[in-house]
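Undergrad: Sequence first, predicted coordinates after that:
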Amino acid sequence: MRIASLTDFLLMRIERGADGRIAKPRGGAKTTAGNGSATAPLNRQIYQAIREAILSQLLPSGLQLPSSRDLAGELGISRNTVTYAYEQLIAEGYLETRAGSGTFIADTTPDQIPEARLNTLPLTDPSGQSELSAHGAQLIQQAGVSDLQWGAFMPGVPDVTLFPNKIWSRLQNKHWRRSRAELLTYGEAGGYLPLREAIAEYLRMARSVNCNASQVIITTGIHQSLDIVVKLLGEHGDSAWVEDPCYWGTRSVLNSLGIKPVAIPVDAEGMRMRLANLRQPPRFICATPSHQYPLGMVMSLSRRRMLLEYAATRKVWIIEDDYDSEFRYGSRPLASLQGMDTNDRVLYMGTFSKTMFPSLRIGFLVVPESLANAFAIGVSELYRGSQVFLQAIMADFMTEGHFASHIRRMRVLYAERLQLLQAAIERHFGDGITLTGGEAGLHLALGLPPQCDDIAVSRAAREVGIVARPLSRYFMNSDTARNGLLLGYACVPSEQIGPAFDKLAAIIKTHWK
């Protein structure tokens, strides 16, 4: 099918006003259809109509178009409107001009691909799922990310409403006024040096981490830290011991990189390695020794020493995830596993997502000094230095003492909210329910009996606007999975904790058979 008249074709495609006439907006304003809804500017409508006609071969290559003056006269619109459409189509290669002859449809026929099929094959699955790789399909199927990232009872999220915005804004304005070019371009390998120095000093004092600034690598968070460790130190097909249950993001990153996670159960002392495990050394051991995620226990000293000795003799890398150790209630934060390591087998990961605010997307990785240069280059090569401006603000925030002050204030607040949640749970269930992880962090785990489907409870809670992550989804081994709910309290206003848990308790009781 070919277009007999470009004018008639455009008249059918252009939106009209209530009086049936083509609107003539001034200054590129949008036309208005008869139903009163705003549409694209008239010059854009002409451009789109001619472009679509060319792509669908309604307008054949070589066809001469009317001059902009003639087409504008036939349509009863400004010549500038048509000229804009023509010029845009010429710039994109749909039209071409020939000196002394006019404007013509360009030849846009695709180049022939040798041995290509005559007909393209449509997607058999409109959802696109069948197009995913095996790793991609597994990642999507096992995804743990939630569409809700705030409110009762989202775990792992701090109360960002109480962040000292005025202080942060002052520091930000200071750097904008200076307008330093090095803060607005790609960052140096490893990250902004003053921030690396501030983090190193903080970790030495607060977490007993043995490091200097050169060993600190700035990342966007735990996920990127784990990603770069595996890419630089692992090979496709390697294995990694992971706690069971563990953080879903750890499994997702490992699986996406071709590393096989091996589930190691946890007990009151942390990871419980069996003889069969010890006989098959992995490449990596991923652990949360200071506050096991999600159950909350602390790895005992004997287990820590055993892990370190095993890693040293078998050349295994220990990846220590120290995600929220700043928040302990009633006792001092425990020293890091890295601080006990004398053989340089521990890589220490941390993040500001729990202490500051998640969208800051600044984390850090502490590596052995012998690997520092390689990791700095690797991060820069794969991800480019990013957010240097924010890193500079964060450095000032730490060196001026605001970071330590903010943590102290939030530790007191989160302890109060933890007590409120524990009191609400006791009010509804007394001693008939198990709680773990209430000594530290931003969440606790509420145990449910085997006959109470935690996934069903979670779905029902979501329908009333409450996030209660099912504990069973954090287990790799379904035979040993336990039912329960992860309840975050840090980002829930104190006055809302009781009423929110009342709703959740009612849902739990309906599923408690």
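TA: Arrived safely.

Undergrad: In stretch 171-183, which residues are buried?
TA: Residues 171-172, 175, 183 are the ones in stretch 171-183 that count as buried (16 or more other CB atoms under 10 Å). C-betas here are computed from N, CA, C, even on glycine.

Undergrad: Same list, those, but as JSON lines with pLDDT, secondary structure and distance to Trp512 please.
TA: Shown next, in JSON lines, are the buried residues of stretch 171-183 (pLDDT from 0 to 100; DSSP: H, G, I helix; E, B strand; the rest coil; distance: CB to CB, whole Å):
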{"residue": "Leu171", "pLDDT": "96", "secondary structure": "helix", "distance to Trp512": "50"}
{"residue": "Gln172", "pLDDT": "95", "secondary structure": "helix", "distance to Trp512": "50"}
{"residue": "His175", "pLDDT": "92", "secondary structure": "helix", "distance to Trp512": "54"}
{"residue": "Leu183", "pLDDT": "87", "secondary structure": "helix", "distance to Trp512": "55"}
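
Undergrad: Between all of these, which two are separated the most?
TA: Within the buried residues of stretch 171-183, two members stand farthest from each other by CB to CB: Leu171 and Leu183, at 12.3 Å.

Undergrad: residue ranges with poor pLDDT in the stretch 251-400 of the chain?
TA: Judged by pLDDT under 70, the stretch 251-400 of the chain has its weakly predicted residues at 333.

Undergrad: Helices along that one, start to end?
TA: For the stretch 251-400 of the chain, helices defined by DSSP state H, counting those that start in this stretch occupy the ranges 275-278, 301-314, 372-383, 388-399.

Undergrad: for the ones you listed, which one ends up most surrounded?
TA: helix 388-399 (a mean of 21; mean count of other CB atoms under 10 Å).

Undergrad: rewinding a little: closest to Thr103 out of the helices of the stretch 251-400 of the chain?
TA: Here helix 372-383 is closest among these (CB to CB), at 46.6 Å.

Undergrad: if I pick Thr480, what's in contact with it?
TA: When contacts are counted by CB atoms under 8 Å, 6 or more residues apart in numbering, Thr480 touches 244, 265.

Undergrad: quick one: the spatially closest residue to Phe153 that is not a sequence neighbour from Tyr329, how far?
TA: Nearest non-adjacent residue to Phe153, counting by CB to CB, 6 or more residues apart in numbering: Leu487, 4.0 Å away. Per CB to CB, to the nearest Å, Leu487 is found 15 Å from Tyr329.

Undergrad: Give me the more crowded residue out of the two.
TA: Remark: of Leu487 and Tyr329, Leu487 carries more neighbours, 28 against 15, as counted by other CB atoms under 10 Å.

Undergrad: And that one, how close does it get to Ile497?
TA: Taken as CB to CB, the span from Leu487 to Ile497 is 10 Å.

Undergrad: contact partners of the longest strand along the chain?
TA: If you go by DSSP state E, the chain has its longest strand at strand 260-267. The contact list for strand 260-267 (CB under 8 Å, 6+ apart) reads 237-245, 250-251, 254-255, 271-273, 277, 282, 292, 295, 297, 475-477, 480.

Undergrad: What about those residues, which are in strands?
TA: Using DSSP E, those in strands are 239-244, 271.

Undergrad: Can I get those in TSV including distance to Thr399 and neighbour count?
TA: Shown next, in TSV, are the ones in strands among the contacts of strand 260-267 (distance: CB to CB, whole Å; neighbours: other CB atoms under 10 Å):
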residue	distance to Thr399	neighbour count
Ser239	41	16
Ala240	36	25
Trp241	38	25
Val242	36	26
Glu243	35	28
Asp244	40	20
Met271	36	25
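
Undergrad: how about these in JSON lines, adding distance to Arg305?
TA: Listed next are the ones in strands among the contacts of strand 260-267 as JSON lines, based on distance: CB to CB, whole Å:
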{"residue": "Ser239", "distance to Arg305": "23"}
{"residue": "Ala240", "distance to Arg305": "21"}
{"residue": "Trp241", "distance to Arg305": "17"}
{"residue": "Val242", "distance to Arg305": "20"}
{"residue": "Glu243", "distance to Arg305": "18"}
{"residue": "Asp244", "distance to Arg305": "22"}
{"residue": "Met271", "distance to Arg305": "13"}
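
Undergrad: And the residues you listed, which is closest to Gly156?
TA: Closest to Gly156, out of all of these and judged by CB to CB, is Glu243, at 15.9 Å.

Undergrad: which residues does the closest one contact?
TA: Counting by CB under 8 Å, 6+ apart, Glu243 has contacts 264, 266, 270-271, 286-288, 292-293.

Undergrad: And Ser290, by the same measure?
TA: Going by CB under 8 Å, 6+ apart, Ser290 touches 298-299, 322, 325, 333-334, 336-337, 440.

Undergrad: which element follows the longest helix seen in the chain toward the C-terminus?
TA: Ordering each helix of the chain by length in residues (DSSP state H) puts helix 402-429 first. Sequence order places strand 435-436 as the next helix or strand after helix 402-429, per DSSP states H and E.

Undergrad: Partner strands of that following strand, with direction?
TA: Here strand 435-436 has these sheet partners by DSSP bridges: strand 443-447 (antiparallel).

Undergrad: pLDDT on the strand it pairs with, on average?
TA: Strand 443-447 carries an average pLDDT of 95.

Undergrad: List the buried residues for the following helix or strand past it?
TA: Proceeding N to C from strand 443-447, the next assigned helix or strand is helix 454-463, under DSSP H and E. Buried positions in helix 454-463, judged by neighbour count with 16+ other CB under 10 Å: 454, 457-458, 460-461.
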